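In: Could you work out the structure for the sequence below:
(one chain, ligands or ions: 2)
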Amino acid sequence: MKVKKLTFDGKGEIGGSNYCYNGTIGVDHGAIQGKKKISYPAPNGVSPLVVIASHSHIDHIGGFACLAKHRPEAKFFMTQTTLDGMILLLNDSLKIARSQAEFNSLKGLPSEPPAFEEEDISHVESQTEIIKNIGWFEPVKGYHLSLRSAGHMRGASIELMVTPDGTRVVHAADISVEERALVRGAAVPKDFLNPDVLVIESTYGSKELPDLKGEKDKLISVTKETLKKGGSVLVGHFASMLDNIVIPLAEAKIQVYVDGMGRQFLRIYAAAKNWCPEDRPFSLSGYDNVHFIDPDRGTATAQRKKLLSGKLKGAIVCPSGMYEGGHSVTYIKQLMESRKNTIIMPGFQADETQGREIQEAESGDLIDFKCERVMKINEKKEAKEWHEYRRLNAPVVQIKYSGHSGGDKMAKWVAELNPKKVVTVHGDPEGHEGLKDRIHRLNRNIDVVRATGETIKFSFRS
Ligand SMILES: [Zn+2]
Ligand SMILES: [Zn+2]
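Out: Ligands and ions are numbered 1, 2, ... in the order given. The predicted structure follows:
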């Protein structure tokens, strides 16, 4: 009788996703996002030298430039869309870190230099091998991998792996089984049924999410009603997920104005070649009612003025950044004061952010916008902080447009895959318990544990 062995390292919580198999193959190297602070995992001696990036969300890829800086020999594997999205977000993180450092040093506060520089981002690019299809590859001798669609966003993957002793592993974080604008839901990989171990996210393990189709209909009908009565609509969401807002609105013949990084992400998605059967063909040329705010500062300011004054009418779609900074704040401060306008919030707003404050406010409440900026006064740079107050009169409409699936749908996917053992990650203890109960309702024999941050050791007789 042969004994197969596997070790797994990773923690259960959301944020800073870093996972490792047999100390050899890593999946993701994410950053932890706190309020006005982002922390990077310390690339210590145990970081694997081969890391797969599952998708370009900062909690999964924010640490790649730090890893490339401290372990220049490390090699990375991912889809082209994930790499392009990662480069965009790492450059944006660097820009934010620099302006935060400048602000703090002008204020006389402790200021840390950025954790990485442009050359480290370029090094990530040069150390990356692009995975162009679902075929098998061997990033380390004896380890065979195949990436499949995660359905979470364009380019996102789940990882199938066979280790040198034949242990079969599926890594699935983040994943969705539902149809979205540019990618169909994750399929159950039929050539990889009954794996030894499945590592899977439990973000919504204890909750159900509304049907995406219903939420899409609500987005379109609320937008149309507001435009009909002469108002404007602001939709703020994660930049990488804006395709799920822009495409349905454009297909409903609404004029859509896309600002900020939403433009770059849509261009990345349009340029990407399909790498898996779940990708939906996409080109921007079919949408002449989708308008991009120009990258030129002067032209952009003029366009934004027209949108805010109502000279240009339509849905303004802008990365929200939880309404903590950027152009979304310029839009919301002005649009929220009129009852004619509507603010649509499709996503999660973290605790203690301005987004959460607006989400929880009642009509007529005064919202306190805390502003800070480095300004040039008499040729001298100064760090300025001030408060601006705006009354919330526009209705705030919540739609649930998550890139994840609810507990029941996840459990069904797990039961169909039929792993021997499940390790949940990327969720709170409640999410773990919820997903475990739902899996056990379908199949009692699947062992479900939550990752603890300690090494988990498996052994299987075969
Ligand atoms: Zn994600
Ligand atoms: Zn995530």
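In: Let me see the contact set for the residue in the stretch 301-450 of the chain that ligand 1 sits nearest to.
Out: Relative to ligand 1, the nearest point of the stretch 301-450 of the chain is residue 403 (5.7 Å; Cβ to the ion). C-beta: built from backbone N, CA, C; applies to glycine. Residue 403 makes contacts with 152, 153, 174, 176, 180, 241, as judged by Cβ atoms under 8 Å, 6 or more residues apart in numbering.
In: got a winner among those residues for most neighbours?
Out: residue 152 (30 neighbours; other Cβ atoms under 10 Å).
In: Please enumerate the strands of the stretch 201-350 of the chain.
Out: With strands called from DSSP state E, counting those that start in this stretch, the stretch 201-350 of the chain shows them at 233-237, 256-258, 290-292, 315-319, 342-345.
In: now the ones you listed as CSV including distance to ligand 1 and mean pLDDT?
Out: As requested, the strands of the stretch 201-350 of the chain are arranged in CSV below (distance: least, Cβ to the ion, whole Å; pLDDT from 0 to 100):
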stretch, distance to ligand 1, mean pLDDT
strand 233-237, 13, 94
strand 256-258, 21, 97
strand 290-292, 24, 95
strand 315-319, 15, 95
strand 342-345, 18, 96
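In: Can you report how many residues neighbour the residue in the stretch 1-150 of the chain positioned nearest to ligand 1?
Out: Per Cβ to the ion, residue 57 is where the stretch 1-150 of the chain lies closest to ligand 1, at 3.5 Å. The local packing of residue 57 (other Cβ under 10 Å) involves 25 other residues.
In: ok, now residue 418?
Out: 15.
In: Identify the residues contacting it.
Out: Contacts of residue 418 (Cβ under 8 Å, 6+ apart): 193, 194, 443, 446.
In: and the third one, how many neighbours?
Out: Neighbours of residue 443 under the rule other Cβ under 10 Å: 13.
In: What separation is there between it and residue 208?
Out: According to Cβ to Cβ, to the nearest Å, residue 443 and residue 208 sit 19 Å apart.
In: Could you do residue 260 as well?
Out: 32 Å.
In: Over to residue 47?
Out: In terms of Cβ to Cβ, residue 47 sits 37 Å off from residue 208.
In: more crowded one of the two?
Out: Neighbour count, other Cβ under 10 Å: between residue 47 and residue 208, residue 47 has more, with 20 against 13.
In: which element follows the lowest-mean-pLDDT helix or strand in the chain toward the C-terminus?
Out: Confidence across the helices and strands of the chain bottoms out at strand 37-39, with a mean of 72, counting by mean pLDDT, DSSP states H and E. Going down the chain from strand 37-39, the next helix or strand is strand 50-52, by DSSP states H and E.
In: And the helix or strand following that following strand, what does it pack against?
Out: As assigned by DSSP H and E, the chain's next helix or strand after strand 50-52 is helix 58-61. With contacts defined as 3 or more Cβ pairs under 8 Å, 6 or more residues apart in numbering; DSSP states H and E, helix 58-61 has these neighbours: strand 25-29, strand 32-34, helix 80-107.
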